[in-house]
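Enquirer: Sequence and computational prediction follow.
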Amino acid sequence: MKHFIKGLVASAALSAVVVGGQAAAEEPVRGGTLVTVIGTNVRNLNSSVQSGIATGYPGSQLFASPLRYDEDWTPQPYLAESWEVSEDGLTVTLNLVKNAKFHDGVPITSKDVAFSVEVIKENHPFKSMFAPVSSVDTPDDHTAVLNLSKPHPALMLAMSGQLMSIIPQHVYGDVPIKEVKTHPRNNENPVGSGPFKLVEYKSGEHIILERFDDFFIEGRPYLDKVVMRIITDPAARAIAYENGELHMGAFESLPRIINRLKKVDGLSVTPEGYGAIGPLDWLAMNTQSGPLKDVRVRKAIAYAIDKNFIQKALMLGTSEDSRTGIHPDSPFYSADVEAYDVDLDKANALLDEAGFPMDGDKRFSLTIDFGWPGVKPQVEYVKAALKKVGIDVSVRASADFPTWAKRMGQMDFDMSWDTVFNWGDPVIGVHRTYVSDNIGKGVWSNTQGYSNARVDELLDMAARENDPEKRKAMYGEFQQIIADELPVYHTNTLPYHTVYSDKVGNPPLGIWGTSTPIDMTYLKK
Amino acid sequence: MIRVMYAVLLLLAVLVLNFSLMHLAPGDVADTISQSMGGADQEVLDQIRADYGLDQPFIVQLGRYIGGVLQADLGFSFFYNQPVTKLILERLPATLLLVITSQVLALFLGVLLGVISARKPNGISSHLVTFLALFGYSAPVFWTGILLLIGFSLQFQWFPVAGMRDVTISGGFWVHFWDVTRHLVLPTITLSSIFLALYSRLSRATMMEVLGSDYVRTAKAKGLTERQVVYKHALKNSLSPVITLAGLQLSAVVSGAVLVETVFSWPGLGTLAFQSIIARDTPTILGILFFSALVVIVGNLLTDLALRLVDPRMRERA
């Protein structure tokens, strides 16, 4: 009860910040060193050639993007002070701020925007973000016009910090575009456009950033320095939050640690702010293999599994219910689909109907895979739950991630526990799991071998629909179909949480976690 | 000379064998890169494989790699986007610091405890030493590590939780020296706890044997004090087996460091090795194996030298 009240107060305080803006909260102060943490090794600091949350955090501080997002998914001006989508949706015009400079003092121009788009198109892992951008016109230094081959609403979220960073052509343009991903200045002496510049990056140890005094937003950033320590062990991170060595960290996902940290005085632990990252846990089913070809078998499996047990007993109440491939915090999420509350009679009836009668205490056998040790409890639970309806499940462990990834990519599995991210717009992170032209193309493609002409059609239409309401309706129908046909049984969100001490003002709780500029974050005096 | 040639051949064999083993494992670095990016389109994966030559037949990849090594080029890390040599040289000092301090601590404490318990083999202190040593030896290091963290970083906030230095402090050499020392304490205790048992047990046994020998009796008959006999006459002679064992343990120290470094986020080769194996970053793993082999070879050399120092008979033989 105490925690509940604490949570209420925290969320009330949060909404006050959201409603009243900064005026309602206390006045931010300048100065100080914020000590934060990254839980995995950082491969590359240049977020225009490397995606992922480990790069997103430092990348969004070093490099600015055209847009940024508030808590309500509304785009805000950033490097683009205004923007305009043409009537036919085929051109997007960005009007850049005029005083923006790179960290080496050279002004940021529309040429750099055009260059960055080209680099991302060639190197970034998510081709869908900028594929429809056929060319970028630069009528003057502060106007960039993106010409599209078809209307492309996903571009708006693709222009935020996690996914698009503006890099200087005069620094990274000295190698062929394709080789920017291995440019030596990605990790050493990078020249960025964001609120902080690099002081030192020691792989496996830390990233140190300092305030860029010529940042284009007057008076920001508030912090003098940001330290990002790299601590890969979650237990060590938890102790470091608790004894005050760390001010802030994000993407904590172990339920036990989250619940323990919630009880620590002086720390706030919140699941707010991960809508656009959109991490979802689910049970993937290979719709081309054996009994799973039959939708009734897949439904029976869903009815036999108690989601509530997964959310309450395994995730200890830290994760949210999620029913479709779109994260519940997304404006496109629709909960108006079959929820598959546990119902063993229904499951048994469906299996009988599908022609798999009970023989003794067994109907047929299936395997289940998992790619990392953290989800073993879920997998063991599925095995136990399905035994009750006569499905004999054997658990196949993988030695490590690549072993599992290979199996998934080649569709060499019956069922698997999986975690997949939305990455902003559904076009970027959702479509890949369900469209039929992405079957069996590596891990996190349509590994389920699912194919439905109406789904293909709906997703294709939604990808080019600029009217949010119409788009929402299309995704609504899509979510109903996949919940009905179950290529994937969606169970819960991955419980990403941000941990921050009371000393931190304005922690990044927008939609991108810490993969967003923290120029507004400050340390209380 | 022949020994050097053997060493080089052995090193090459280690590289070829490990390269083949890595190749046998399913999946490759393109998969882990894709993991680090939250997924990637097939086109991008193919591009990564082509960039790193992973689409070439096994024998071509092996030939290229060995060819590079023969020209003193350990290659380019797929995962970290850096030359392997640079990556390893950045991490090597941290590991050496940890391994050497814990080895020295384990040796010193181990021999001391061994001698103490050898003098009164059935005394209370002897049993206590045996208990402590066995406890350290049998407790898994990650468990010892976490327990120490909870005790001395959380309950008593004496030592920092992770890493090798506090980047927020500034000051001269001694400030940083003190800072690194503070960070070093818990990992060193953890790592040395495994070896403490070995050294104390071994030095206890040899010390008891030496204490029963004729020349010790002679020394005692000469009227020397117990202390002089034990620490001056007997200790020197009981040290050789311990030093030999310490030399043999060097490789184990490097592998033990993997776990300790991971628990304490120590920025050394151990964490790098662990993460590179998970990431299927073949050039980095092979580079680390190469450097570890070098460390072991150098360590054995140093062991030989140390043995000569304590045992004059070794000098004559050479």
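Expert: Yes, it's here.
Enquirer: residues near the nearest residue to residue B:22 once chain neighbours are set aside, how many?
Expert: With sequence-adjacent residues excluded and distances taken as C-beta to C-beta, 6 or more residues apart in numbering or on different chains, residue B:22 is closest to residue B:282, at 4.8 Å. Just so you know, the C-beta spots here come from the backbone N, C-alpha and C atoms, and that holds for glycine as well. By the criterion of other C-beta atoms under 10 Å in any protein chain shown, residue B:282 has 27 neighbours.
Enquirer: Could you chop chain A up by domain?
Expert: A:33-229+A:498-523, A:279-493 (the TED database).
Enquirer: Which one of the ones you listed lies nearest to chain B?
Expert: domain A:279-493 (2.5 Å; C-beta to the nearest C-beta).
Enquirer: Just the endpoints, please. Distance across the closest one?
Expert: Using C-alpha to C-alpha, to the nearest Å, the end-to-end distance of domain A:279-493 comes to 6 Å.
Enquirer: Go ahead and confirm residue A:84 touches residue A:92.
Expert: Yes - applying C-beta atoms under 8 Å as the test, residue A:84 and residue A:92 come out as touching, 7.2 Å apart.
Enquirer: Enumerate every residue touching the residue nearest to residue B:22.
Expert: Shown in contact with residue B:282 (C-beta atoms under 8 Å, 6 or more residues apart in numbering or on different chains): B:19, B:22, B:23, B:29, B:65, B:78.
Enquirer: Excluding residues flanking it in the chain, which one is nearest the residue in the stretch 51-200 of chain B positioned nearest to chain A?
Expert: With C-beta to the nearest C-beta as the measure, residue B:161 is the residue of the stretch 51-200 of chain B nearest to chain A, at 4.2 Å. The spatial neighbour of residue B:161 that comes closest, neighbours along the chain excluded (C-beta to C-beta, 6+ apart), is residue A:240 at 4.2 Å.
Enquirer: Hmm, that neighbour is touching residue A:231, no?
Expert: Yes - with contact defined as C-beta under 8 Å, residue A:240 counts as touching residue A:231 (6.6 Å).
Enquirer: Quick check: neighbours shared by those two?
Expert: A:37, B:161, B:162.
Enquirer: Restricted to strands, list the residues you listed.
Expert: Per DSSP state E, strands hold the following members of those: residue A:37.
Enquirer: Tally up the residues packed near residue B:221, please.
Expert: When neighbours are counted by other C-beta under 10 Å, residue B:221 comes out with 8.
Enquirer: and after whichever helix or strand residue A:117 is part of, which helix or strand comes next?
Expert: Under the criterion of DSSP states H and E, residue A:117 resides in helix A:110-123. Counting by DSSP H and E, the next helix or strand C-terminal to helix A:110-123 is strand A:133-140.
Enquirer: Could you check how far that following strand is from the centre of its chain?
Expert: Remark: strand A:133-140 is offset 29 Å from the chain centroid, using C-alpha atoms, centre = their mean, to the nearest Å.
Enquirer: For the stretch 201-318 of chain B, what lies in contact range of chain A?
Expert: B:262, B:263, B:264, B:265, B:267, B:271, B:272, B:275, B:277, B:278, B:280 (C-beta under 8 Å from any C-beta of the partner chain).
Enquirer: How about the stretch 1-150 of chain B?
Expert: Counting by C-beta under 8 Å from any C-beta, the residues of the stretch 1-150 of chain B that sit close to chain A are B:25-29, B:31-45, B:47, B:51, B:79-82, B:87, B:90-91, B:146, B:149-150.
Enquirer: Looking at these, which are in helices?
Expert: B:29, B:31-36, B:42-45, B:47, B:51, B:87, B:90-91, B:146, B:149 (DSSP state H).
Enquirer: ok, of those, which come out buried?
Expert: B:29, B:31-36, B:44-45, B:47, B:87, B:90-91, B:146, B:149 (16 or more other C-beta atoms under 10 Å in any protein chain shown).
Enquirer: Determine which two of those residues are furthest apart.
Expert: Distances among these were taken as C-beta to C-beta; the most separated pair is B:47 and B:149, at 42.2 Å.
Enquirer: Give me the phi and psi for residue A:354.
Expert: With angles defined as degrees, to the nearest 10, residue A:354 sits at phi -80, psi 0.
Enquirer: need the contact list for the closest residue to it other than its chain neighbours.
Expert: Excluding its sequence neighbours, the residue lying closest to residue A:354 (C-beta to C-beta, 6+ apart) is residue A:296, at 4.1 Å. Contact analysis of residue A:296 by C-beta under 8 Å, 6+ apart lists A:350, A:351, A:353, A:354.
Enquirer: Could you look up the SS state of residue A:296?
Expert: Put simply, residue A:296 is helix when judged by DSSP: H, G, I helix; E, B strand; the rest coil.
Enquirer: What is the neighbour count of whatever residue of chain B ends up closest to chain A?
Expert: Nearest residue of chain B to chain A: residue B:27, at 2.5 Å (C-beta to the nearest C-beta). With neighbours defined by other C-beta under 10 Å, the count for residue B:27 comes to 22.
Enquirer: swap in residue A:89?
Expert: Neighbours of residue A:89 using other C-beta under 10 Å come to 17.
Enquirer: Please apply the same query to the one 10 residues further on.
Expert: Using other C-beta under 10 Å, the number of residues around residue A:99 comes to 12.
Enquirer: For it, which non-adjacent residue is closest in space?
Expert: residue A:216 (5.2 Å).
Enquirer: so who does the one you found touch?
Expert: Taking C-beta under 8 Å, 6+ apart, we find residue A:216 in contact with A:64, A:79, A:97, A:99, A:100, A:101, A:108.
Enquirer: That one: what secondary structure?
Expert: coil.
Enquirer: could you pull out the helices for chain B?
Expert: So, for chain B - with DSSP H - the helices run B:2-24, B:29-36, B:42-51, B:58-70, B:84-119, B:124-138, B:141-149, B:173-211, B:214-221, B:226-228, B:235-264, B:269-279, B:282-310, B:312-317.
Enquirer: Show the secondary-structure elements that whatever helix or strand residue A:433 lives in is packed against.
Expert: In this assignment (DSSP H and E), residue A:433 forms part of helix A:431-434. Here helix A:431-434 touches helix A:453-463, going by 3 or more C-beta pairs under 8 Å, 6 or more residues apart in numbering or on different chains; DSSP states H and E.
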